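# Can you look at this prediction? I've put the sequence above it.
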Amino acid sequence: MADIRLEEVSHSYDGGRTWALKPMTWTWRSARAYALLGPSGCGKSTLLNIVSGLLSPTTGRIWLDDREVTAVPTAGRNIAQVFQFPVLYEEMSVYDNLAFPLRNRRYPRAEVDRRVREVSRMLGLDDHLGRRSRRLDPGRQQIVSLGRGLVRPEVAAVLLDEPLTVIDPAMKWTLRSKLKEIHRDTGHTLIYVTHDQTEALTFADEVVVLKDGEIVQAGEPAELFLAPAHEFVGHFIGSPGMNVLPAEIAGGVVRVGGTAVGRAAGDGGELPPGPVRIGVRPEFVRITAGQDAPDAGDPAGPGLAARITGLDRMGSHHLVHARVDGHALVSKTGPGSRYEPGTAAFLRFDPGRAFLFRDEVRCGSLMPLEGRGGT
Amino acid sequence: MRTRTRPGRRPAVRAGRIALNTAAAAVLAVMIFPVYWMFATAFKPAAEIQSETPSLWPAHPTLEHFAAAVGADGFWTFWRNSLAVTAAAVLLALAVSLLSAFAVARMRWRGRGPFIVMVFAAQMAPWEALLVPMFIIARDTELLDSLAMLTGVYFMITLPFTIVTLRGFLAAVPAEVEEAALVDGCTRLAAFRRVVFPLLAPGLMATSLFGFITAWNEFAFVNVLIIKDQGKRTLPVWLSSFRDVFGTDWGATMAAATLFALPVLVVFLFLQRRVGAGMIAGAVKG
Ligand SMILES: Nc1ncnc2c1ncn2[C@@H]1O[C@H](COP(=O)(O)OP(=O)(O)OP(=O)(O)O)[C@@H](O)[C@H]1O
Ligand SMILES: [Mg+2]
């Protein structure tokens, strides 16, 4: 077990014209479970292949603790990897498939047998050990591939590249909790690639969001949800994703179409005036129905005048669609709430839950006006 | 589910299948018949061969023609020559093409595109066009009447096809299989040998069979390249000269032809099951 440190690592498949991975410095800390989340083509597999050594990075260096492994081939890195689709040694039995990684590393026969049986019991493959692996159905084949990734007792990390894609949903849940269990028992570093946010959020200690070959945010699931550092994280995580509303900063006050909605608090000092975008999750948008501004004495101001345009009943909650200053906004409300499409309403954002973005990157947050007057 | 809802469908399907099978049987018969005739004639006594009303099978089968063929001057020498040249050419082609196919299918290098085009072009070119150049090369390098030259020529003839076919088979093996083997602790070479190579078996069978048939049956080049030294001839040439040796002893000629066809048949039957699958896989994926 070791920390895996990437130092200015980048990769280009076409000699530098486009970059599948932009220079990144990042450490995968030992024994943690990571989810690597991002849209298709953002460089997730590229990143994993660089860690495992199947690809050499175009620039940068890779360290396992104090040992530089940039030039060390895959076999010398002691990293296990499971691919998106089943990869089997078709000519071998299931048992031999599972034993293959151990035999290559010259584990004693008894140890091989013990490990293979342990993994097969964990993954429910006991009845299939003697079968030719190509005779299994695709789901089982993938479980065998998974088993090969988990069979080695001492690995620096186990890399899982969307390992459950071909597995049916019911089995997926079982396997995912198995994986968590295994992670708890073995303490392997796990890097789990997915583009399913639920999978990422339920599985990982830490979620790393990748976009266009860059890490846009990394943090605990709650952090990504409550405080997205990038508009993309806001959209990608949560359903529906974060609302984005164009606004203007002037004199430290954020206004939407002339209405002051709060104070601009920069993440790194005062924010210069000019356009910004407010990002706020539907969970933190409050609606008050009616023509008149509610509670005119509220120090936070009257709120944003809006028109309700639609209502989705989702069972556990409602999604209320509204238009503000020509922009669409969604609010998540309790299942009992009543809003009529076509009527007027006022919107407010929960304090500390609305953020300001410039060039898609978070630059500050929206704070209550604190009675400085709102018009 | 089919029987209840659409009762009219089954007979139609069956009729179609019968028609197809009949057609296949007819084609088979036309293709097989000359071969069968060769076999049958080889076993017929001379009188039966010459008789006014040809019989479909030998009434009194005899091995005398085989004895005559095998006993003929130099039969075993030619047989050995053929086998040696063919086997050497096929093995050489397999070894070289396996490496080239790997380079073409799996590695990126400058000139890969042009290389593939060249291989295809070489495969397109009619071999007969090379007869004269080859003769001149052999003459100038004093390689006329040499089995090594012949082996080289057969190697050259089979190589493009072998590369192209094996490349198809190799491309059909997902790169992940190799990557997985690397992750599981193999070196690049071991990954190829232990994981990829077994998957290529049908491809290797198909290409070696093709190479074997090509080299074994080849006539034009031997005829041009082996001119003086009779001891360096191969079976096809010997067979063509058979008429002169035996007059028109059709029985012995057919027996010799049967002996000539036998190795191909044996090799084919031996490899047949895997080759069938291989040809299909190669055709679809290659
Ligand atoms: N072998 C390759 N040659 C050229 N370009 C490649 C190659 N592999 C990936 N790319 C490109 O690099 C970028 C990143 O690809 P990568 O496979 O890492 O994405 P990913 O995040 O794993 O996507 P997915 O979720 O679809 O698996 C993509 O734009 C892709 O087209
Ligand atoms: Mg991928």
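Ah, there it is. Ligands and ions are numbered 1, 2, ... in the order given.
# per-residue confidence at the residue in the stretch 101-250 of chain B that chain A sits nearest to?
In the stretch 101-250 of chain B, the residue that lies nearest chain A is B:Gly185 (3.3 Å; CB to the nearest CB). Any C-beta I mention is one placed from the backbone N, CA and C, and that applies to glycine too. As predicted, B:Gly185 sits at a pLDDT of 91.
# pretty sure it belongs to a helix, no?
No. Under DSSP: H, G, I helix; E, B strand; the rest coil, B:Gly185 falls outside any helix and is assigned coil.
# Next, count neighbours for it.
21 (other CB atoms under 10 Å in any protein chain shown).
# Nearest residue to it in space, please, no chain neighbours.
Spatial nearest neighbour of B:Gly185, chain neighbours left out: A:Asn104 (3.3 Å); criterion: CB to CB, 6 or more residues apart in numbering or on different chains.
# Could you report the separation of the one you found from A:Ala75?
8 Å (CB to CB, to the nearest Å).
# my guess is the residue of the stretch 101-250 of chain B closest to chain A contacts A:Gly76, does it?
No. B:Gly185 sits out of contact with A:Gly76 when judged by CB atoms under 8 Å, with a separation of 9.2 Å.
# and chain A, which of its residues are near chain B?
Contact residues, chain A versus chain B (CB under 8 Å from any CB of the partner chain): A:49, A:52-54, A:73-75, A:79-81, A:83, A:85, A:87, A:89-91, A:100-101, A:104-105, A:145, A:148.
# from these, which ones fall inside helices?
Cross-referencing these against helices under DSSP state H gives A:49, A:52, A:100-101, A:104, A:145, A:148.
# all strands of the stretch 251-375 of chain A, in order?
A:253-256, A:259-266, A:274-280, A:285-289, A:304-313, A:318-324, A:327-333, A:344-349, A:354-358, A:361-367 (DSSP state E, counting those that start in this stretch).
# Please name whichever of those strands is nearest to ligand 1.
Among these, strand A:361-367 comes nearest to ligand 1, with 20.9 Å by CB to the nearest ligand atom.
# what's the domain layout of chain A?
For chain A, the domain assignment from the TED database gives the residue ranges A:4-230, A:239-367.
# Okay, now the unreliable bits of chain B?
Counting by pLDDT under 70, chain B has low-confidence residues at B:1-9, B:242-247, B:273-286.
# Could you chop it up by domain?
Annotated domains of chain B cover B:9-62, B:67-280 [automatic domain parsing].
# so how far is the longest one from its chain's centroid?
So the one you mean is domain B:67-280. Centroid separation for domain B:67-280 versus its chain: 7 Å, with CA atoms, centre = their mean, to the nearest Å.
# and if you look at stretch A:269-286?
22 Å.
# Pull out the buried positions in that stretch.
The neighbour-count criterion (16 or more other CB atoms under 10 Å in any protein chain shown) identifies A:271, A:276-285 as the buried residues of stretch A:269-286.
# now it: mean pLDDT?
Mean predicted lDDT for stretch A:269-286 stands at 94.
# now the residue of the stretch 151-286 of chain B found nearest ligand 1, nearest residue through space, not along the chain?
Going by CB to the nearest ligand atom, ligand 1 is nearest to B:Ala175 of the stretch 151-286 of chain B, at 8.5 Å. Using CB to CB, 6+ apart and skipping residues adjacent in sequence, the residue nearest B:Ala175 is B:Arg106, 7.2 Å away.
# nearest to A:Pro153, of the strands of the stretch 251-375 of chain A?
Closest to A:Pro153 of the strands of the stretch 251-375 of chain A is strand A:361-367 (CB to CB; 42.2 Å).
# elements contacting that closest one?
For strand A:361-367, the elements it packs on are strand A:259-266, strand A:274-280, strand A:354-358, judged by 3 or more CB pairs under 8 Å, 6 or more residues apart in numbering or on different chains; DSSP states H and E.
# Quick one: those strands as CSV, columns for distance to B:Lys232 too.
As requested, these are exported to CSV (distance: least, CB to CB, whole Å):
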stretch, distance to B:Lys232
strand A:259-266, 92
strand A:274-280, 85
strand A:354-358, 84
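# where's B:Leu271, which helix or strand?
Here B:Leu271, judged by DSSP states H and E, is contained in helix B:250-285.
# State the distance from whichever residue of the stretch 151-300 of chain A sits closest to ligand 1 to A:Ile167.
Nearest to ligand 1 in the stretch 151-300 of chain A, going by CB to the nearest ligand atom, is A:His195, at a distance of 5.6 Å. From A:His195 over to A:Ile167 the distance is 15 Å, taken as CB to CB.
# And for B:Val222, the neighbour number?
With other CB under 10 Å as criterion, B:Val222 counts 24.
# Nearest the geometric middle of chain B, what residue?
B:Ile213 (2.2 Å; CA atoms, centre = their mean).
# Surely that residue and B:Val264 touch.
Yes. Counting by CB under 8 Å, B:Ile213 touches B:Val264, with 5.7 Å between them.
# what residues does the stretch 101-250 of chain A put near ligand 1?
Neighbours of ligand 1 within the stretch 101-250 of chain A, by CB under 6 Å from any ligand atom: A:His195.
# mind checking how far whichever residue of the stretch 101-250 of chain A sits closest to chain B is from A:Phe236?
Proximity of the stretch 101-250 of chain A to chain B (CB to the nearest CB) peaks at A:Asn104, 3.3 Å away. When CB to CB is applied, the distance between A:Asn104 and A:Phe236 equals 39 Å.
# for the stretch 251-375 of chain A, what are the low-confidence residue spans?
For the stretch 251-375 of chain A, applying pLDDT under 70 flags the ranges A:292-302, A:371-375.
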